[in-house]
Structure formats: C-alpha cells, structure tokens
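Novice: okay, predicted coordinates and the sequence, questions at the end:
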Amino acid sequence: MKLNIEHLVRSGYALAFILVITSYVLFFYSLKESQDGRRLIYQSNLIINKLGELSSAAKDIETGGRGYILSGDRVFLEPAIIAKKNIVLIFTSLDSLVRSGEQALLLDTLKQYFEARNKMSAAGISFFEKSGKVITDSTKKRMYLGKIIMDNQRRVLRRMQVAESVSLGERERRLTYINRSTRVIAVTSLIIVAILLTYSIITFNKENKDKKAADRAVAEYQRELETRITELDKKNKELAQLKSMEKFAATGRMASTMAHEIKNPLNNIILSLEHLKDNPGNDDTTINLLDIINRNANRVNLLITDLLNSTRFLELNFASTSINHIIDETLENAKDRLELNKIKIVKKYDAEICNVSVDSDRIKIAFTNIIINAIEAIESEDGVIEIKTEAKDDNCVVTISDNGKGMDQKALSKLFEPFITSKSNGTGLGLTNSQNIILNHKGNINVESTLAKGSTFIIQLPFLS
C-alpha cells in the first residue's frame, strides 16, 4: 500500500511537471508567434501605405505632365519631378519589404510600368517642346500610349493593394487567435501551478506529519536503546568487577596454598643450610655452593612473601583525605624518575572534589606502581602523563594516561596476573599489588590501551560517607 502511494505521488509530480513544462513551451511558442504576427501586420500596413504613396506619386506625375502640355507652364512639372524622386525611395522600401512570392513578381511588373510611363512621359514632353509647345498627332499618340501604361500600372497597383489587404486580414485574424490561445495557455498554466502547489502542500503536510511521527518513534527507540546500552554497560562493568574480584580471590587462595606448600620445605632447606655451613670440614668450594643455595632460597622466600602481600586482604588504616593531595605526594616520590626520563606531567584536577576515605600510605603505593608502569612504557623523548580527577556516578575517579607504547588485548587481559611482566628485571607483582590495594578499598581499576598510542588506567574509589 505504501509503495502504491509513493508511486502515485511520484507519478502526480511527474505529470504535473510535464504539464507545466508543456504549458510554458506552448506559451513561449505562442508569444513568439504573436511577436512574428505583429511584425508581419506592421509590414503589411507599411506595404499598403507605400503602395498608397506610390499611387499618389503616379497621379502627381500624370497630372503634372498633362498640365504642362495643356498650359505650357513648367510649374506643373515641379510636383512630377518631386514625385519621381519619391518613387525611387518608395521602390527601395518596397524591395526590402517584398522579397518573394507573387507580390515580388507584381512589384517587378509595377517597376517596369513606371519606367515605361516615365520614358513615355519624357518623350511626349520632348516632342511637345520641339514642336513649339503645340500639341501634334505624335504628342497625342504618346499621351494615348501613356494612358494605356498608366491604366495597366493602376491595375497592378490595385492588385497588390488588394492582395496585401487580404494578407493583412489573415494576419490580424491569426494574431487574434494566437493572443486568445496565449491567454488560454497562461490561464491553464496558472491553474496547473495552483493545483500542483495545493497538491504539494497537502503532500508535504502529510509527509511532514508522518516524518515527525517516525522521528518521534525513532527518538523514543533511540532513547530506549541508549538506556538499555547504558544499563548493559553498567552490568558489564559490574560483571567485570566481579570477575576481577573472583580472579583476585582465586589468585590469593592459590598463592596462599602455594606459599604454605613451598614455605615449609623451603624453611627446612634454609635451616639445613645453616647446619651445613657450620660444618668445620667444609672447603672453599663447598662453602661457595652453600652460599649460592642460601641466596636463591632466600630470594624464593622473598618472592613468596611478596606474592602473599600482593594478593591477601589487607588491614587498612582509613582516614579522610584529599585525593589531589595524595596524587601530588605520589608524584613528589616519583619526581627523580620523571625528571630523569624528561616526562611532562599534565594535571587536570577537580578542585571541588570531595575527600575520600583511604589508607594514604597504601593508596600511594598503588598510584606509585601505576605511574612507574607509565614511565617505563614511554619510549619517546616527548613523554606525557596526564592525571585527571573528577566525581562520577558517586565515585571519585582518577584517570592516569600516558602516550607510551601501549598494549595489545592479550597483554591487557593478563596485566594484573602475578609474575607476568615484559621487563627483564621486574617481578610482575607491582600492578597486582596496586589492584589488591584498590580492591581492598572497595574500589575498582580498569585499563584501556592501544598499541603505539598509550594506555589509560581508570581508578574508582568511594567518596567519604
């Protein structure tokens, strides 16, 4: 149904467009025809006027010649002389107006009659003057021949006038028809435009109403989707925190079990070494070997102790303090390493942020491990560590970002696991210890990282209740 409506709408617009274009083409065609018609009517009127002037000039020539012969007074020839000059100009104008067809042939014939009549008139006047201004038979004969030519001349002239009058009438009737057609086309075009405009307004209002309804539905769906995404993101973060805590607890249990299983035999080894070292019969080689065994046994013992400390639940001494102050003290402790590596610190503290309830010494250890990790991740000479504090979702959020080498997803997933490190002289327990401290503060730590761009540690701590 929707497709049919859209098809009808498109078809309606297309048809209306075609009708409007057709109307305008016809209108401009009619306008051109009207202009051509007016031009032809003007031309016909001009031809009729010129033929009238030609007839008047012919009468002046005839009257002037006859008056001179009858009276002998040359005054009668002056209008004839002027008329002859005008005839030349009139024929020039007619030549430019009449260029083809029967009228052009008649015009050529008329020229010949005028030339013949002028010659005959000139010859008659010449004979009249040579005979002492006495009318002789030769003069009469030439006057009679001139009359015949004059009659033929009048017939041709009249024929041309009648033909041009008929043509003028036809052109005027055609112009009237064209003007009427132009008005009809103009009115029709206006009606079509009005219909199209009305149709467009109705269609636009309907489509606009439907669009607004669709936009409202989309906006509502988008809000619902955003709400669900927010809830899902929150649930995912909570789930990630639970998984992190479960993983941390499992690591702690495993570390405690391993430490118990390893420490007892290790203590026996260390005690036995003490007894062996007290044997007076030991030579230098034996003493050196016993020292090597003792050092490594103590090193293993220290690693196990560090593992236990970094995974067990801590007894904390909570106190109200400013998170900004704690970070400043942490940076002061790491000042030498920051200056040595020429790393710039950018602070974006929230000056109005509330105090947090933390064990200051422990939380500084956590921040120190994270900052040292950022320092060691920066390999370029334009290293930057940005530290930001803000209040978000009823928590104090500390963001520590660096522009170091970053990590891939595999390294990121094992970041807080004990003994996992890419450093040649590291134990892999620093960030494990930081996570332990933050979790014991009922906080949370997340990491975002991109290879060759850097890493961001996001620490959330509860505000002071």
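Specialist: That came through fine.

Novice: and the helices in the stretch 301-450 of the chain, which stretches?
Specialist: 323-333, 335-340, 360-377, 409-413, 430-440 (DSSP state H, counting those that start in this stretch).

Novice: which residues of the stretch 301-450 of the chain score low on pLDDT?
Specialist: 306-314, 423-426 (pLDDT under 70).

Novice: out of the helices of the stretch 301-450 of the chain, nearest to residue 119?
Specialist: Closest to residue 119 of these, according to CB to CB: helix 409-413, at 118.4 Å. Bear in mind the C-beta positions are built from the backbone N, C-alpha and C, glycine included.

Novice: buried sites along that closest one?
Specialist: Within helix 409-413, no residue counts as buried by 16 or more other CB atoms under 10 Å.

Novice: same question for stretch 375-386.
Specialist: Those buried within stretch 375-386 under the rule 16+ other CB under 10 Å are 375-378, 383-386.

Novice: and those, which two are furthest apart?
Specialist: Pairwise distances across the buried residues of stretch 375-386 (CB to CB) peak at 16.8 Å, for the pair 376 and 386.

Novice: for the one helix or strand residue 268 maps to, packing partners?
Specialist: Following DSSP states H and E, one finds residue 268 within helix 137-277. With contacts taken as 3 or more CB pairs under 8 Å, 6 or more residues apart in numbering; DSSP states H and E, helix 137-277 sits against helix 2-71, helix 101-130, helix 284-311, helix 430-440, strand 444-450.

Novice: tell me the domain boundaries of the protein?
Specialist: According to automatic domain parsing, the chain is divided into the following domains: 2-208, 316-462.

Novice: ok so, going back, tell me the most buried of the helices of the stretch 301-450 of the chain?
Specialist: Per-stretch averages of neighbours, counted by mean count of other CB atoms under 10 Å, single out helix 430-440 among the helices of the stretch 301-450 of the chain, with a mean of 23.

Novice: which secondary structure elements does it contact?
Specialist: Using 3+ CB pairs under 8 Å, 6+ apart: helix 430-440 touches helix 137-277, helix 284-311, helix 360-377, strand 444-450.

Novice: redo those as JSON lines? Include distance to residue 433.
Specialist: As requested, the helices and strands packed on helix 430-440 are exported to JSON lines (distance: least, CB to CB, whole Å):
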{"stretch": "helix 137-277", "distance to residue 433": "11"}
{"stretch": "helix 284-311", "distance to residue 433": "4"}
{"stretch": "helix 360-377", "distance to residue 433": "6"}
{"stretch": "strand 444-450", "distance to residue 433": "12"}
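
Novice: deepest-packed of the ones you listed, please.
Specialist: helix 360-377 (a mean of 21).

Novice: residue 185: what's it in contact with?
Specialist: 23, 26-27, 30 (CB atoms under 8 Å, 6 or more residues apart in numbering).

Novice: show me which pair in the residues you listed is furthest apart.
Specialist: Largest pairwise distance in those, by CB to CB, is 10.3 Å, between 23 and 30.

Novice: look at residue 230 and report its pLDDT.
Specialist: Note on residue 230: pLDDT of 83.

Novice: for the buried residues of stretch 375-386, which one is nearest residue 288?
Specialist: Proximity of the buried residues of stretch 375-386 to residue 288 (CB to CB) peaks at residue 376, which lies at 34.9 Å.

Novice: roughly how far does that closest one sit from residue 346?
Specialist: If you measure residue 376 against residue 346 using CB to CB, to the nearest Å, the figure is 19 Å.

Novice: and for residue 43?
Specialist: In terms of CB to CB, residue 43 sits 90 Å off from residue 346.

Novice: any chance of the helices and strands packed on helix 137-277 in a markdown table with distance to residue 273 as columns?
Specialist: Shown next, in a markdown table, are those (distance: least, CB to CB, whole Å):
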| stretch | distance to residue 273 |
| --- | --- |
| helix 2-71 | 89 |
| helix 101-130 | 139 |
| helix 284-311 | 5 |
| helix 430-440 | 29 |
| strand 444-450 | 40 |
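
Novice: for residue 233, which of those is the nearest?
Specialist: Going by CB to CB, the one of these nearest residue 233 is strand 444-450, 12.0 Å.

Novice: other SSEs contacting that closest one?
Specialist: Counting by 3+ CB pairs under 8 Å, 6+ apart, strand 444-450 packs on helix 137-277, helix 409-413, helix 430-440, strand 454-462.

Novice: which stretch among the ones you listed comes nearest residue 333?
Specialist: Ranking the helices and strands packed on strand 444-450 by proximity to residue 333 (CB to CB) places helix 430-440 first, at 14.2 Å.

Novice: the inter-axis angle of that closest one versus helix 360-377?
Specialist: 140 degrees (axes from the mean of the first three to the mean of the last three CA atoms, to 10 degrees).

Novice: minimum distance to residue 189: which of the helices of the stretch 301-450 of the chain has it?
Specialist: Of the helices of the stretch 301-450 of the chain, the one closest to residue 189 (CB to CB) turns out to be helix 409-413, at 68.9 Å.

Novice: that closest one packs against which elements?
Specialist: Other helices and strands packing on helix 409-413, by 3+ CB pairs under 8 Å, 6+ apart, are strand 444-450.

Novice: how many residues are close by residue 387?
Specialist: Per other CB atoms under 10 Å, the neighbour tally for residue 387 reads 23.

Novice: sorry, that was for residue 33
Specialist: Neighbours around residue 33, by other CB under 10 Å: 17.

Novice: the closest residue to residue 418 other than its chain neighbours and residue 263, how far apart?
Specialist: The shortest distance from residue 418 to any non-neighbouring residue, by CB to CB, 6 or more residues apart in numbering, is to residue 432 (4.8 Å). For residue 432, the distance to residue 263 equals 19 Å [CB to CB].

Novice: again with residue 344
Specialist: Distance from residue 344 to residue 263, by CB to CB: 45 Å.

Novice: now residue 125
Specialist: Per CB to CB, residue 125 is found 160 Å from residue 263.

Novice: ok, residue 289 next?
Specialist: From residue 289 to residue 263 the distance is 23 Å (CB to CB).

Novice: cool, residue 394 as well?
Specialist: Distance of residue 394 to residue 263, given as CB to CB: 42 Å.

Novice: what pLDDT does the closest residue to residue 293 other than its chain neighbours get?
Specialist: Leaving out its chain neighbours, the residue that sits closest to residue 293 by CB to CB, 6+ apart is residue 273, at 5.9 Å. pLDDT for residue 273: 79.

Novice: please apply the same query to residue 8.
Specialist: On the pLDDT scale, residue 8 gets 62.

Novice: and if you look at residue 257?
Specialist: So, for residue 257, pLDDT stands at 69.

Novice: same check, this time on the one 10 residues further on
Specialist: Looking at residue 267, its pLDDT stands at 79.

Novice: how about the contacts made by it?
Specialist: Taking CB under 8 Å, 6+ apart as the criterion, residue 267 is in contact with residue 301.
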